[in-house]
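1. only the shape, not the letters, is given here:
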């Protein structure tokens, strides 16, 4: 029986192992999260050290080990890291994306195809640089929460399901809330914030791109609060994200 298997995946993070090796965490198409040892990748003459950096999309072969699988072959499919690390805004957004994916895939080997596709799509959008990084990040976070079953209610009441629009939003309650179900501590976002959240969740980029900077900022705050409520801890990378929209893409300040 062969102890080799192959998959495509995105490098989420790396850890030092010994003097020359690394442990690499991948989110793969068929095997979910895989942690594997990459031998000698920290040496200057390593054959594939540069291919095993965060944000790189690879075709990788593993050898099944007793405690850790071992990377035996790597081919780059998409070098997302090159344009991402050259821009601080894109880099911090990408860091939050891969950290979220890492947190949402606790069990190694558990299939997570939808999340894998979301990560690849978000990193590709960041690498292309055609959309504002903050919008790409928030769209990913909303869809990742939907993958985990945590998507906030936007168009209906989170408690009773009454169709909206509603004015109140409760992070603890799960999103928009009607007047009867409104919880203490709810906030009252402007209607355009609800509109932007719905656009990001459903891929309406025309509406999302037209949002003002203040609307984007307030929507980002709700998305981050909702995610961290469910994770029960703060993402380390999220406070570092630069929420600076491009002037040419924003209709107001």
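-> All right, it came through fine. None of the values given here were measured: they were computed from a predicted structure. Numbering: from 1, shown residues only.
2. helix, strand or coil for residue 11?
-> With DSSP: H, G, I helix; E, B strand; the rest coil as the basis, residue 11 sits in strand.
3. tell me which stretches of the chain form strands.
-> Here the chain has its strands, by DSSP state E, at 4-17, 21-28, 32-38, 57-63, 69-78, 168-170, 175-177.
4. list the buried residues of the first one.
-> Put plainly, it is strand 4-17. Neighbour counts using 16 or more other Cβ atoms under 10 Å place 7, 8, 9, 10, 11, 12, 13, 14, 17 of strand 4-17 among the buried residues. (C-beta placed from N, C-alpha, C; glycine too.)
5. kindly report the same for the fifth one.
-> By neighbour count, with 16+ other Cβ under 10 Å as the criterion, the buried positions of strand 69-78 are 69, 70, 71, 74, 78.
6. for the last one, which non-adjacent residue is closest in space?
-> The shortest distance from residue 78 to any non-neighbouring residue, by Cβ to Cβ, 6 or more residues apart in numbering, is to residue 57 (3.9 Å).
7. please apply the same query to the third one.
-> Leaving out its chain neighbours, the residue that sits closest to residue 71 by Cβ to Cβ, 6+ apart is residue 38, at 4.5 Å.
8. output the longest helix belonging to the chain.
-> helix 213-231 (DSSP state H).
9. show me what that one is packed against.
-> On a contact count with 3 or more Cβ pairs under 8 Å, 6 or more residues apart in numbering; DSSP states H and E, helix 213-231 meets helix 133-148, helix 191-202.
10. could you measure from the most centrally placed residue in the chain over to residue 42?
-> For the chain, the residue sitting closest to the mean C-alpha position, by Cα atoms, centre = their mean, is residue 97 at 2.7 Å. Relative to residue 42, residue 97 is positioned 25 Å away (Cβ to Cβ, to the nearest Å).
11. kindly report the same for residue 63.
-> Per Cβ to Cβ, residue 63 is found 19 Å from residue 42.
12. for residue 53, same thing?
-> Residue 53 is 12 Å from residue 42, by Cβ to Cβ.
13. looking at the two, which is more packed in?
-> Neighbour totals were compared for residue 53 and residue 42, and residue 53 leads with 19 against 16 (other Cβ atoms under 10 Å).
14. my read is that the residue nearest to residue 71 contacts residue 25, right?
-> No - counting by Cβ atoms under 8 Å, residue 25 is not a contact partner of residue 38; they are 10.8 Å apart.
15. okay, domains of the chain per the record?
-> 4-81, 131-249 (automatic domain parsing).
16. quick one: mean pLDDT for the shortest one?
-> When you say that, I think you mean domain 4-81. The pLDDT scores in domain 4-81 average 90.
17. how far off centre is that domain?
-> The chain centre lies 19 Å from the centre of domain 4-81; the measure is Cα atoms, centre = their mean, to the nearest Å.
18. any idea how far apart the tips of that domain sit?
-> Terminal residues of domain 4-81 are spaced 27 Å apart (Cα to Cα, to the nearest Å).
19. kindly report the same for stretch 185-195.
-> Termini of stretch 185-195 sit 22 Å apart (Cα to Cα).
20. again with stretch 11-29
-> For stretch 11-29, the first-to-last residue distance is 12 Å (Cα to Cα).
21. what do you get for stretch 195-213?
-> OK, stretch 195-213 end separation, Cα to Cα: 14 Å.
22. report the rounded mean pLDDT for it.
-> The average pLDDT for stretch 195-213 rounds to 96.
23. in that stretch, what counts as buried?
-> 195-201, 205, 208-211, 213.
24. just to revisit the earlier point, what's the angle between the longest helix of the chain and helix 133-148?
-> Calculated by axes from the mean of the first three to the mean of the last three Cα atoms, to 10 degrees, helix 213-231 forms an angle of 30 degrees with helix 133-148.
25. would you mind finding the most buried of the helices and strands packed on helix 213-231?
-> helix 133-148 (a mean of 23; mean count of other Cβ atoms under 10 Å).
26. cheers, nothing more for now.
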